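**Student:** Let's see this in three dimensions:
(one chain, ligands or ions: 2)
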Amino acid sequence: MEIDRRAFIASLGGTAAVSLMDSETKADSLEHWMEEQLDEQVAANQAGQPEKFPTVAEIEAQIETRNYRRGAGSLFVSGRGNVKKLEPMPKNPQLQDFFRLRFAPANHVLQSATRALKTGMSEEIVLACLLHDCVLNLIKPDHGWWGAQLFEPYIPEKSTFAIRYHQTLRFYPDSDAGYEYPDQYFRIFGEDYKPPAHIEATYKMLKNHKWYMEPRLVTVNDLYAFDPKAVVSIDPFQDIIGRHFKSPKEGLGNDNSPSAHMWRTLANPDQPL
Ligand SMILES: [Fe+2]
Ligand SMILES: [Fe+2]
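**Tutor:** Ligands and ions are numbered 1, 2, ... in the order given. Below is the predicted model of the structure:
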């Protein structure tokens, strides 16, 4: 952990360089799980001082300091330097090919799904945890809805429901279920952030829904603490994918499903039109 942290901070130009970065520059330069990792470590480095979270106004003031928007999917923005050439997808790409060639390293979702497996979640929830943030490679705003749409033609209804609504429930603590509001949300949304009306309305709907616990269990297993020693792989999930992910034989993107275009965009993010 120690060695990894030093190597990681060094890769960003050292502690001094990191301390000069505003939290958004750091956050946007990293994969989803790495954002959490670095922020927590920088906070820990400040020798016991309570972390000062930005306000909504401070976060808004950063918009014009970037040459991209925060909502761009990770495949479309390089954290450092230029983007890299992507390996082409196989002819009939399956979910595992997207994990290997477009979602990698996918540590955040793999670790969340591993936790779900260990804590005895249903197979629908393990699958939802495995897929819940994959769409962040395509687009970030409203990622619950986008993610549910991407996977809906292929997975059980409960998994789709869990993916769609985990985004909403992330804003609302439920201590009985073991879920607290994440510090990371103070960092990336602002300490005085209030979720927009559609999120509030969705939360109201979910509170009385018979499937409330499906997305709630995704939030409970939504892990950010990255353990560099943990070996994560898609292998433990092959059986669950086989049982619950209806892979089209033509390959994802070639099957004319309602979300085929989204898979093609993930396969070919360099297309100019
Ligand atoms: Fe998420
Ligand atoms: Fe997540």
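
**Student:** which SS class is V218?
**Tutor:** Following DSSP: H, G, I helix; E, B strand; the rest coil, the label given to V218 is helix.

**Student:** Got the phi and psi for the residue nearest to it when sequence neighbours are not counted?
**Tutor:** Closest residue to V218 apart from its sequence neighbours, by CB to CB, 6 or more residues apart in numbering: H166 at 3.9 Å. The way it works is simple: take the backbone N, C-alpha and C, and place the C-beta from them, glycine included. Dihedral pair for H166: phi -60, psi -30, per degrees, to the nearest 10.

**Student:** you'd agree H166 is up against N221?
**Tutor:** No: contact criterion CB atoms under 8 Å: H166 and N221 do not qualify, at 9.5 Å.

**Student:** Give me the common contacts of these two.
**Tutor:** With contacts defined as CB atoms under 8 Å, 6 or more residues apart in numbering, no residue is shared by H166 and N221.

**Student:** in the stretch 151-273 of the chain, which spans are helices?
**Tutor:** According to DSSP state H, counting those that start in this stretch, the stretch 151-273 of the chain carries its helices in the segments 157-169, 183-189, 197-207, 213-220, 238-244, 260-267.

**Student:** got the angle for the first one vs helix 197-207?
**Tutor:** Same thing as helix 157-169. 130 degrees (axes from the mean of the first three to the mean of the last three CA atoms, to 10 degrees).

**Student:** Give the rounded mean pLDDT of helix 157-169.
**Tutor:** The predicted model gives helix 157-169 an average pLDDT of 98.

**Student:** list the buried ones in that helix?
**Tutor:** The neighbour-count check on helix 157-169 (16 or more other CB atoms under 10 Å) flags 158-169 as buried.

**Student:** dump the residue contacts of the residue nearest to V218.
**Tutor:** Applying CB under 8 Å, 6+ apart, the residues near H166 are 128, 132, 144, 215, 218-219, 222.

**Student:** In JSON lines: those residues, plus pLDDT and neighbour count.
**Tutor:** Below are the contacts of H166 laid out as JSON lines (pLDDT from 0 to 100; neighbours: other CB atoms under 10 Å):
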{"residue": "A128", "pLDDT": "98", "neighbour count": "34"}
{"residue": "H132", "pLDDT": "98", "neighbour count": "31"}
{"residue": "G144", "pLDDT": "98", "neighbour count": "23"}
{"residue": "P215", "pLDDT": "98", "neighbour count": "28"}
{"residue": "V218", "pLDDT": "97", "neighbour count": "30"}
{"residue": "T219", "pLDDT": "97", "neighbour count": "26"}
{"residue": "D222", "pLDDT": "93", "neighbour count": "21"}
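
**Student:** Mind putting these into CSV with distance to ligand 2?
**Tutor:** Below are the contacts of H166 laid out as CSV (distance: CB to the ion, whole Å):
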residue, distance to ligand 2
A128, 11
H132, 6
G144, 10
P215, 12
V218, 8
T219, 8
D222, 4
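
**Student:** what does the chain have sitting close to ligand 2?
**Tutor:** Counting by CB under 5 Å from the ion, the chain comes close to ligand 2 at 133, 222.

**Student:** which sections of the chain are below the confidence cut-off?
**Tutor:** Counting by pLDDT under 70, the ranges of the chain that qualify are 1-47, 224-226.

**Student:** Would you list the phi and psi of the residue nearest to the spatial centre of it?
**Tutor:** Centrality entry for the chain: nearest residue to the mean C-alpha point is D133, 3.5 Å, by CA atoms, centre = their mean. D133 has phi and psi values of phi -120, psi 10 when expressed as degrees, to the nearest 10.

**Student:** Going forward, count from 84.
**Tutor:** New numbering, starting at 84: the last item is D216.

**Student:** Let me see the contact set for it.
**Tutor:** 115, 191-192, 195, 226, 230.

**Student:** top of these by neighbour count?
**Tutor:** Neighbour counts for the contacts of D216, by other CB atoms under 10 Å, peak at S195, which reaches 27 neighbours.

**Student:** So it belongs to a helix, correct?
**Tutor:** Yes: judged by three-state DSSP, S195 forms part of a helix.

**Student:** surely it meets D305?
**Tutor:** Yes: judged on CB under 8 Å, S195 makes contact with D305 at a distance of 5.6 Å.

**Student:** any residues in contact with both of these two?
**Tutor:** With CB under 8 Å, 6+ apart as the test, S195 and D305 both reach 212, 215.
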